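Engineer: Below is the structure, and that's it, no one-letter string:
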């Protein structure tokens, strides 16, 4: 028996695939030595009546501070013993271990239990030659024309209107003031951009905008119903005065070779359509490949029967609920929030299972992600979102997202490996 085994004994009891419960015992001599060291520390710092600092008798210090000394022994020995026990048992916790059933009296051994969450060990199913239905990436002519039209709309210019008032479809810069008809309280003056005639605008606003020229004003009253979507306006009657600051109309260029050439990278409309078709085909191929990868992962996941670490499911589910709640209306009922939780847990279980599966495949095939690949992915993110590269790098480093990014790239590599070794039909 080694010296460490004599000092600290650990025994795994009630093991499951994702949890280990350890019974740990620190020898009485080791605990006594720690007790004496902490007692010495208390004695060196104690200020007691009739004694200079650090000169009080140890037995008096021990009697007066016994409870604090004992607690310090526990707080010192528990993490040290746990750390050495985990190393001896070759355990890597995925969350902070839970310590319980602490037992210690001066002169005796120090005992406690630790519950440790670990990644489950499991056998991989046969993951090569998985049959998956091939998805075709077909680009229809209508899709090309829609994309070209989108480009044309984005090329539109907004020109000042001359010789007429506001018409539907114009972009109007407005100054408007509001007054509560009941309280006579003035609302803050606002300057805002409005698309005249847009269905999301208040009906009376659209009606009163028509025909107004720059610097002209109009007054009207809106009585908001009690159930209005804007709670601060619900049930109120507001008198509005709007003043047009400027009016611009949208001028869309003609569909022509000259317009296509002005976009750059192409010489005419035919070239533009060909370029758009190629880009759409690439997008559809990526989607088809991702869907086939999802099919393979789902097939393999269904073959696995394993106990998932509850702590990972809870973390993933909480992240999903936070994400969904931010996009959900403010008026979520308690029952709707519970339903979000139920959906999140189901998705989290599947995501954790898929992640464990792909991580194990990556390890089996010795797949790795280099720092250069991480940097290329960051560059892609910056370009896709039209954000300066330095800003994206700073954000990722500040939020500690680099390892998450690397992990996601590793999972994608594992899926690519599965696709390359799949049987398409």
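Structural biologist: Noted; the coordinates are in hand. Bear in mind the structure is a predicted one, so any value in this text is a computation, not a measurement.
Engineer: low pLDDT regions in the stretch 251-400 of the chain?
Structural biologist: Counting by pLDDT under 70, the stretch 251-400 of the chain contains low-confidence ranges at 328-332.
Engineer: Helices along that one, start to end?
Structural biologist: Per DSSP state H, counting those that start in this stretch, the stretch 251-400 of the chain carries helices over the ranges 257-263, 269-303, 310-327, 334-364, 371-384, 389-398.
Engineer: Following the record's annotation, map out the domains of this protein.
Structural biologist: Here the domain assignment for the chain is 3-117, 157-251, 274-424, based on automatic domain parsing.
Engineer: Is it possible to get TSV of those that adds distance to residue 143 and mean neighbour count?
Structural biologist: Where C-beta positions appear, they are placed from N, C-alpha and C, glycine not excepted. Shown next, in TSV, are those (distance: least, C-beta to C-beta, whole Å; neighbours: other C-beta atoms under 10 Å):
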stretch	distance to residue 143	mean neighbour count
domain 3-117	45	15
domain 157-251	24	14
domain 274-424	6	15
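Engineer: and residue 132, which of these is closest to it?
Structural biologist: domain 274-424 (5.0 Å; C-beta to C-beta).
Engineer: could I get the domains of the chain as a markdown table with distance to residue 267?
Structural biologist: Converted to a markdown table, the domains of the chain look like this (distance: least, C-beta to C-beta, whole Å):
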| stretch | distance to residue 267 |
| --- | --- |
| domain 3-117 | 57 |
| domain 157-251 | 23 |
| domain 274-424 | 11 |
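Engineer: Which one of the ones you listed lies nearest to residue 126?
Structural biologist: Nearest of the domains of the chain (C-beta to C-beta): domain 274-424, 8.6 Å.
Engineer: Run through the residues that contact the closest residue to residue 349 other than its chain neighbours.
Structural biologist: Distances taken as C-beta to C-beta, 6 or more residues apart in numbering put residue 313 closest to residue 349, at 5.6 Å, once the chain neighbours are dropped. Contacts here follow C-beta atoms under 8 Å, 6 or more residues apart in numbering; on that basis residue 313 touches 345, 348-349, 352.
Engineer: In a markdown table, list the helices of the stretch 251-400 of the chain along with distance to residue 213.
Structural biologist: Listed next are the helices of the stretch 251-400 of the chain as a markdown table, based on distance: least, C-beta to C-beta, whole Å:
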| stretch | distance to residue 213 |
| --- | --- |
| helix 257-263 | 31 |
| helix 269-303 | 38 |
| helix 310-327 | 41 |
| helix 334-364 | 48 |
| helix 371-384 | 42 |
| helix 389-398 | 43 |
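Engineer: which residue ranges form the strands in the protein?
Structural biologist: Taking DSSP state E as the criterion, the chain contains strands spanning 8-13, 19-26, 98-103, 110-117, 131-132, 157-160, 171-180, 190-195, 217-223, 237-251, 423-424.
Engineer: which outside residues touch the fifth one?
Structural biologist: Contacts to strand 131-132, defined as C-beta under 8 Å, 6+ apart, come from residues 292, 295-296, 299, 419, 422-425.
Engineer: partners of that strand in the sheet?
Structural biologist: strand 423-424 (parallel) (DSSP bridges).
Engineer: Average the pLDDT values over the strand it pairs with and round to the nearest integer.
Structural biologist: For strand 423-424, mean pLDDT is 93.
Engineer: gap between the residue positioned nearest the centre of the chain and residue 377?
Structural biologist: Closest residue to the average C-alpha location of the chain: residue 319 at 6.1 Å, with C-alpha atoms, centre = their mean. Separation of residue 319 from residue 377 (C-beta to C-beta, to the nearest Å) stands at 21 Å.
Engineer: and if you look at residue 133?
Structural biologist: 29 Å.
Engineer: swap in residue 416?
Structural biologist: 14 Å.
Engineer: quick one: the nearest residue to residue 190 once chain neighbours are set aside from residue 212, how far?
Structural biologist: Once flanking residues are discounted, residue 190 sits nearest to residue 176: 5.8 Å by C-beta to C-beta, 6+ apart. Distance of residue 176 to residue 212, given as C-beta to C-beta: 12 Å.
Engineer: shared neighbours, those two?
Structural biologist: Residues touching both residue 176 and residue 212 (C-beta under 8 Å, 6+ apart) are residue 242.
Engineer: which residues does the nearest residue to residue 6 once chain neighbours are set aside contact?
Structural biologist: Nearest-residue entry for residue 6: residue 27, 6.3 Å, with adjacent residues in sequence omitted and distances by C-beta to C-beta, 6+ apart. Residues in contact with residue 27 (C-beta under 8 Å, 6+ apart) are 6-9, 109.
Engineer: Does residue 379 touch residue 387 like I think?
Structural biologist: No: here residue 379 does not reach residue 387: they are 10.9 Å apart, not a contact under C-beta atoms under 8 Å.
Engineer: thinking again about what came up before, out of the helices of the stretch 251-400 of the chain, nearest to residue 241?
Structural biologist: So among the helices of the stretch 251-400 of the chain, helix 310-327 is nearest, using C-beta to C-beta, at 35.6 Å.
Engineer: got the angle between the closest one and strand 19-26?
Structural biologist: Angle, helix 310-327 to strand 19-26, by axes from the mean of the first three to the mean of the last three C-alpha atoms, to 10 degrees: 120 degrees.
Engineer: what angle do helix 310-327 and strand 110-117 make?
Structural biologist: Calculated by the same axes, to 10 degrees, helix 310-327 forms an angle of 50 degrees with strand 110-117.
Engineer: how far does helix 310-327 sit from the chain's center?
Structural biologist: With C-alpha atoms, centre = their mean, to the nearest Å as the basis, helix 310-327 stands 9 Å off its chain's centre.
Engineer: Alright, that wraps it up for me.
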